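okay, structure incoming, though there's no sequence with it:
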């Protein structure tokens, strides 16, 4: 158990509304990641962070922004949700300082955009 | 980019052995991971290979051949609880300021009595 929680665990929202998902970790890991998982696509990286205020884009970053103002929290924001962003979102951390260690996943957030 | 291929579905019998293959193409290999994911749950780490050869961990083993871009996950003495999706993930060389895992689409394994 890597001490990762995600909130909310489930959310239903409407197209055009802003949505923020929170990932919280309790063990001061430097690297944190946001993925989405969709049928037929597998897990795809949205954004990642390598320290407080240090973030970078992943493979599918369009329509998403992130922030990390504290080591323990990594926020994913959908500024204006679209139906194509209906997905299961997983946060992950990797132990160690170089981001080369195994990634461990949080429980996920199921987001439905109507 | 990367191409990671694994079979979509497999079925095996309780008590048997099953091998799940993964092939990949990458510009800079830096390790291969296998994860297990039960329906509705998060992926959980199973194994990691960075050098050629076999890594054994109880009933699960993982093999890597970097020259062939090939890995397999071997599950022995199958149990009903092994019914899950198995994800192959390749870590590429450092991009910007971090590493990223690139995942295959997963292999759904059904274990039957």
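Cool, got the structure. Worth saying up front: this structure is predicted, and the values here are computed from it rather than measured.

how about the strands in chain B?
Across chain B, reading from the start of the chain, the strands by DSSP state E fall at B:3-5, B:9-13, B:18-25, B:29-37, B:44-49, B:53-57, B:60-65, B:70-75, B:84-92, B:101-103, B:107-112.

looking at those strands, which is closest to residue A:15?
With Cβ to Cβ as the measure, strand B:101-103 is the member of the strands of chain B nearest residue A:15 (27.7 Å). No exception for glycine: its C-beta is placed from N, CA and C like everyone else's.

for chain A, what's the longest strand?
As far as residue count goes, and with DSSP E defining each element, the longest strand of chain A is strand A:42-51.

what parts of chain B come near chain A?
When proximity is defined as Cβ under 8 Å from any Cβ of the partner chain, chain B approaches chain A at B:30-31, B:33, B:41-45, B:48, B:87, B:89, B:91, B:96-106.

hmm, try it at 7 Å
Taking Cβ under 7 Å from any Cβ of the partner chain, the part of chain B that reaches chain A is made up of B:33, B:42-43, B:45, B:48, B:87, B:96-101, B:103-106.

what about residue A:84, how many residues nearby?
By the criterion of other Cβ atoms under 10 Å in any protein chain shown, residue A:84 has 10 neighbours.

so how far is chain B from it?
Distance of residue A:84 to chain B, computed by Cβ to the nearest Cβ, to the nearest Å: 18 Å.

where does that residue land in three-state SS?
Following DSSP: H, G, I helix; E, B strand; the rest coil, we place residue A:84 in the helix state.

return the item of the residues of chain B next to chain A having minimum pLDDT.
Between those, the one the model trusts least by pLDDT is residue B:97, at 51.

would you point out which residue is most central in chain A?
Taking Cα atoms, centre = their mean as the criterion, residue A:34 is the residue nearest the geometric centre of chain A, at 2.8 Å.

hang on, that residue packs against residue A:87?
No: no contact is recorded between residue A:34 and residue A:87 when judged using Cβ atoms under 7 Å, the distance being 10.9 Å.

returning to that earlier point: tell me the strands beside the helix or strand harbouring the residue nearest to the centre of chain A, with direction?
Counting by DSSP states H and E, the element that carries residue A:34 is strand A:31-38. Each strand that pairs with strand A:31-38, with its direction, by DSSP bridges: strand A:42-51 (antiparallel), strand A:87-94 (antiparallel).

now whichever helix or strand comes after the first one, how far from the chain's geometric center?
Read that as strand A:42-51. For strand A:42-51, the following helix or strand on the C-terminal side (DSSP H and E) is strand A:54-57. Relative to the chain's own centre, strand A:54-57 is displaced by 12 Å; criterion: Cα atoms, centre = their mean, to the nearest Å.
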